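Give me coordinates for this.
(3 chains)
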Amino acid sequence: MSDKSRVPFILVRLKNFLRLLTKSRLAFSGMLLLIIFIVGAAAAPILTTSYPTEKVAAGLVPPAWTAYVFGATRYSQNIQFGGLAASTNTTGTGLSLQSTLAGPDAIDVHVNSTSGGTILIAKTLNYPYSASPLEFEGTVSIIPTGVSATRPANAIVFMERKDLGQYGPLWNSSLVTSGQQYHQELQSFGLEQRLGFVAGTNLGQVIFSGKGTYSLVLMLTLPQGPFQAEFVVTKLTMSLFGNSFGLLGSDAQGADIFSQLLYGARLSLMVGLVATGIGIGLGLVIGLMAGFLGKAVDEILMRFTDMMLVIPSLPLLIVLATVLGSSLLNIIIILGFLGWMGFARLVRSQVLSLRERPFIEAAKASGAGTGYILSRHIFPNIVGLTYVNLALSVPAAIVGEAALSFLGLGDNSAITWGKMLELANESHGGLAWWWVVPPGVGIALLSLAFILVGYSLDELFNPRLRRRR
Amino acid sequence: MGLRGYLFRRAINTIILILFVIILNFSIFQLLPGTQGVISNLLQNPRITDKSIIGKYQNQFGLCSHFNPATNACTLATPWERFQTYFVNMLTFNFGVSYQSGHPIFQDMIQTGRLYNTLILLGVSTVFSLLIGIFLGVFVASKRGTLFDTGWVTTSLVTYSLPTFWMGLLFILIFAQNLHWFPPGGVIPFTWQTPPPLLVYLAVRAQYLFLPALVLTLYFYGGHLLLTRATMLESLSEDYITTARAKGLSERKVLFKHALKNASLPIVTNAALAFGGLLGGAIITETVFNWDGLGHWIFSAIGYKDFPVMQAMFYIIALCVIAANFVADILLGVLDPRIKYE
Amino acid sequence: MPVLQLDGLTTNYRTLRGWVKAAEDVSFSVEKGEALGVVGESGCGKTTVALSILKLLPRGGRIRRGKILFEGTDLVPMTDKEMRHIRWKGISIVFQGAMNALNPVFKVGDQIIEAIKTHEPDLPGADARKRAESLFEMVGVESSRLDNYPHEFSGGMRQRALIAMALASNPKLLIADEPGTALDVIVQAQVLQLMRGLKEKLGLSMMLISHDLSIVAEVCEKVAIMYAGHVVEYGEIGEIFKEPLHPYTQGMLGAFPSIKGEKKKLVSIPGQPPDLLNPPPGCPFSPRCPFVMEICKTKFPEAKRMGSGEHYVSCYLY
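Reported below is the predicted structural model:
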């Protein structure tokens, strides 16, 4: 077969495959599932708003939609303060202020005062939920100019609700150095005692006890006497983390599970395909060698294959991953090197039966070398087998990696589906269904997709299995 | 060559396999940098000021051929010498001392009840998965093409492809955490100081055993069912089945005597091979359910890098699988009169 | 009263593409102590008829019309449980010895004893064993071979064992499906001789299925010629040999060498048997028939009685 004729040959197969897809419902659904997974994995950065390990919600909260499904009356979602604005305190005299907004979280304020006074830089929030948020998290960052150790300005951050009063200070600092950035993270945990509550009090619940209008205020108190200064507020944010979040809820660290699921699909697909690729490649080489070289080589290789088949694979995987170290690359290589045996046997038997066919005999008789026969006659006949096995072996590799991760032998830097389950299992306070269900469903559906595609490929390449029409 | 010759060949094969496992185990743990790494880490520990202690550690890890306890002088053994010692140790079940507990591993394995716990879990789930799988497989094959058939085939395909750890987690979530029907894990309640009356004892133990055994059974019956169905369908299409029916035999006898005995040959082989998978599944299931058996031990050994325990467990598991294969070979020889002449 | 009488038996197989009309309106009878031959090329529905009588049709097979009267009782409406009492004790069957008709994982003797014990559960094991031994001797196999497995038997011995097994419960009717076929000629002749001897010795009523008219002629008194699921000619063997009426029978006789008769040119019938999924309307032989008429293509002819003896033919020529 010349290279020119090989292109149409592949096209014909592709056409057959597409035709099979339209004919067989199973093949179609398998392919559809696979495409959904691949698109989801590839588009993970577009479809999600955060990285798998980024804290974007309160720890261990259920998906937002559960409120509708289970009819929860008291729920809250993530919400942020907005509408940044600066104003002067009306009590001040001779105080003028000029502010320019530099984005939603930053503002630049020029102040000119004759006898002190206060400036309020505030954000507001119309809190719509009857349930309190579980946590809040914010940042304040300010660069003053015109202040000095002798004439410092004072910055205080507090939270205010009209009828209930103020909570604060969340931050209290003297601004003494011009041009220095004063920065503070504002978190609900660790501030309780400072605000006069018992340690462990949930500040979110205390402060945001119900619907209403809240403000986050950065109050700058100016020194007495004439004073001219500029305050660049580079950041003033406050996010409230509700008791429900996003599409699939959050994990114990407050990371988005949907994001973990999509990024995990990337890893699972990669691990599955690369490991299977290695396994299939090894199986092909060993099977071809055993089948084609025959005699002693065949005997030794097949004995070895049989022995490897008997050795229980998961314990061996565990042992190798422990001894060699459990980086993702190591796991892929180990899975690949333990996944060749079945395919090697299959290739060998195929080669043995092909070798007896007349067209190989004819090629030999006309003086073709081993390499020529292998590449021109044996290989094309095994291509189909290779595709089928590639598809059918991927699930085993995916489950294998997940099992290793689950046992704590996974790559700690990679949030794979198995890692998700391990973390879910180890998290305190019981299993959360929104954390346990998605990765398992992902593994099962992805396996199913490959199995369905594998079987339809098998039907395509193996004429004996083709249904009579 | 009769049955005896066949069994002799299988026995030789089994011995070769055991040898292979020992060599594999030796290569992984002794030749790969793992153990050596541990030792060199120990030696680089700045708190070990007396370097003569090196010899002591080398001796402790079995790296010396000659060792003088007085001077801590160590003559390093060649890999071949080490293999010989290792080989004898493996055959005599002398696995050394666990880093974790400091006790000899063999003693730890038996006296803590781990072996016993694993045997209970494995025994129950093997028996149930085989019984359910084979019986359902036979019935499903006899009702080929009906809703009963497709229903069970689909169900077993689904349970077969679900990862065991996920199934375990789901069961804990549903049956332990939400419904409180079963404990979420453990072998027996922590509160038991002295065993309660026998009936209560058995009932509570069964309650603890139920979920892990269910997971393993669900994971393995599917494979047996599908294989039994396939081989039964093949067997049922043979002429001798028509003969058996023509003889006036009841359908039960046709299915369970004539068809199943023929179909059982691949089932036996597969059951032996599946035993390896079952042991793998047990490691994970024991971990999920905190079932204090050999699998759970491996899991905790991973965390402690307890290499002696890991290699001992790998060796024991491999031995079990090899033994299962040998038993299957013997069964095949008994079941199939043709095998003696191959 | 005949031992077995088929009356308009129609057995079809249901497939994805429709009904395969394997046996259509088959009628014949077997008298007591008499042997009937059923002859036709492979795929003509002979074995379907045999399996219909025992109601052992494979998946999708269904008796759609007709009666199977065994000693006057219709078998068609019988339940499987009732049929089990008819099988082997009433009607037993000998399958091809070359096939896998003996279960490879049981000893041959045990399979015979199983057949005996199924119908006489109270019989002591030793007596059943004794009967199996005498059966083996009757068919000419050493009784010590009872403890052998089927794979330790030669093809001819397997065929003899199958015959012995068929006789285990003293059946009233013996159906033999191509006995001896696929064995070598000498063994085949021995098997036939055995069958004929047994028929005479035991006064067996028999239905012998074969594709070879000359084999049937050696054992049977009557013969039914089948083509594409239909009985086209039926009658005493002598009559049919003497005066074959149906063009298919004529063609078939012309296609077989006669050992005794004078040398004549063998003629094969041109064409192929029809597809049983979509058989031609009317006579299925019409596409190959040299004497085809318009009417042949519309309706299958009724069986007509010819001559003085028992001789029926389904053909518009008569």
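
What's the biggest helix in the chain, counting residues?
If you meant another chain, say so; for now it's chain A. Determined from DSSP state H, the single longest helix within chain A is helix A:257-293.

Please refer instead to chain C.
Ranked by residue count, the top helix of chain C under DSSP H comes out as helix C:185-202.

So for that one, what gets flagged as buried?
Within helix C:185-202, the residues scored as buried using 16 or more other C-beta atoms under 10 Å in any protein chain shown are C:Val187, C:Gln188, C:Gln190, C:Val191, C:Leu192, C:Leu194, C:Met195, C:Arg196, C:Leu198, C:Lys199. For the C-beta atoms, the positions are set from N, CA and C on the backbone; glycine is no exception.

where are the low-confidence patches of the stretch 51-200 of chain B?
B:51-53, B:61-62 (pLDDT under 70).

Burial check on the residue of the stretch 51-200 of chain C found nearest chain A, number of neighbours?
Closest approach of the stretch 51-200 of chain C to chain A (C-beta to the nearest C-beta) occurs at C:Gly60, with a separation of 14.5 Å. Residues lying near C:Gly60 (other C-beta atoms under 10 Å in any protein chain shown) number 13.

where do the helices sit along the stretch 1-150 of chain C?
Secondary structure of the stretch 1-150 of chain C by DSSP state H, counting those that start in this stretch: the helices cover C:46-53, C:80-86, C:108-119, C:125-139.

before we move on, what about chain B?
Along chain B, the segments classed as helices by DSSP H run B:3-26, B:33-44, B:53-60, B:79-91, B:105-111, B:114-142, B:147-161, B:164-171, B:198-236, B:239-246, B:251-253, B:260-288, B:294-304, B:307-335.

Repeat that for the stretch 351-469 of chain A.
Counting by DSSP H, counting those that start in this stretch, the segments of the stretch 351-469 of chain A that form helices are A:358-365, A:370-373, A:379-404, A:417-426, A:433-461.

of all these, which lies closest to chain C?
Nearest of the helices of the stretch 351-469 of chain A to chain C, taken as C-beta to the nearest C-beta: helix A:433-461 at 16.5 Å.

Name the residues of that closest one that are buried.
Buried residues in helix A:433-461 (16+ other C-beta under 10 Å): A:433-440, A:442-444, A:446-461.

which among these are in contact with chain B?
Among the buried residues of helix A:433-461, proximity to chain B is found for A:Trp433, A:Val436, A:Val437, A:Pro439, A:Gly440, A:Ile443, A:Ala444, A:Ser447, A:Leu448, A:Ile451 (C-beta under 8 Å from any C-beta of the partner chain).

related to what we said a few turns ago, can you state the direction angle for the longest helix of chain A and helix A:433-461?
Going by axes from the mean of the first three to the mean of the last three C-alpha atoms, to 10 degrees, helix A:257-293 is angled at 30 degrees with respect to helix A:433-461.

and the angle from helix A:257-293 to helix A:379-404?
If you take the same axes, to 10 degrees, helix A:257-293 sits at 140 degrees to helix A:379-404.

Helix A:257-293 vs chain B: in contact?
No - contact of helix A:257-293 with chain B (C-beta under 8 Å from any C-beta) is absent, the minimum separation being 11.6 Å.

For that helix, name the packing helices and strands.
Here helix A:257-293 touches helix A:25-42, helix A:44-47, helix A:295-310, helix A:328-337, helix A:341-355, helix A:379-404, helix A:417-426, helix A:433-461, going by 3 or more C-beta pairs under 8 Å, 6 or more residues apart in numbering or on different chains; DSSP states H and E.

Apply 6 Å and report the result again.
On a contact count with 3 or more C-beta pairs under 6 Å, 6 or more residues apart in numbering or on different chains; DSSP states H and E, helix A:257-293 meets helix A:25-42, helix A:295-310, helix A:328-337, helix A:341-355, helix A:379-404, helix A:417-426.

Provide the contact partners of the last one at residue level.
Translated: helix A:417-426. A:Gln260, A:Gly264, A:Ser268, A:Ala402, A:Ser405, A:Phe406, A:Gly410, A:Trp435, A:Val436, A:Pro439, A:Gly442, A:Ile443 (C-beta atoms under 6 Å, 6 or more residues apart in numbering or on different chains).

Quick check, the fifth one in contact with A:Thr416.
By that I understand A:Ser405. Yes - A:Ser405 lies in contact with A:Thr416 (C-beta atoms under 6 Å); the separation is 5.3 Å.

For burial, what's the neighbour tally of residue 316?
In the absence of a named chain, chain A is used. 22.

looking at chain C here, not the other one
A count of nearby residues for C:Tyr316, using other C-beta under 10 Å, gives 19.

what helix or strand does it sit in?
According to DSSP states H and E, C:Tyr316 maps onto no helix or strand at all.

Now do the contacts for it.
Residues in contact with C:Tyr316, defined by C-beta under 6 Å, 6+ apart, are C:Met293, C:Ile295, C:Cys296, C:Pro301.

And these, which is closest to chain B?
C:Pro301 (34.0 Å).

residues from the stretch 1-150 of chain C in reach of chain B?
By C-beta under 6 Å from any C-beta of the partner chain, the residues of the stretch 1-150 of chain C that approach chain B are C:54, C:56, C:84, C:87-88, C:93, C:95, C:99-103, C:105, C:115, C:118, C:149.

Which of those has the largest number of neighbours?
Top of the residues of the stretch 1-150 of chain C next to chain B by neighbour number is C:Ala115, holding 29 neighbours under the definition other C-beta under 10 Å.

is it true that that one touches C:Ala168?
Yes - between C:Ala115 and C:Ala168 there is a contact at 4.3 Å, judged by C-beta under 6 Å.

Now do the same for the closest residue in space to A:Gln193 that isn't next to it in sequence: helix, strand or coil?
Leaving aside its chain neighbours, A:Gln193 sits nearest to A:Ala199 (5.6 Å; criterion: C-beta to C-beta, 6 or more residues apart in numbering or on different chains). Using DSSP: H, G, I helix; E, B strand; the rest coil, the structure places A:Ala199 in coil.

mind checking how far A:Ala199 is from A:Ser326?
Distance, A:Ala199 to A:Ser326, by C-beta to C-beta, to the nearest Å: 39 Å.

Which one's more surrounded, these two?
A:Ser326 (22 against 7).

how many other residues sit next to whatever residue of chain B ends up closest to chain A?
In chain B, the residue that lies nearest chain A is B:Gly280 (3.1 Å; C-beta to the nearest C-beta). B:Gly280 is flanked by 23 other residues according to other C-beta under 10 Å.

Quick check: pLDDT value at it.
If you check B:Gly280, the pLDDT there is 86.

which non-adjacent residue is nearest it?
Distances taken as C-beta to C-beta, 6+ apart place A:Leu314 nearest to B:Gly280, at 3.1 Å, with adjacent residues excluded.
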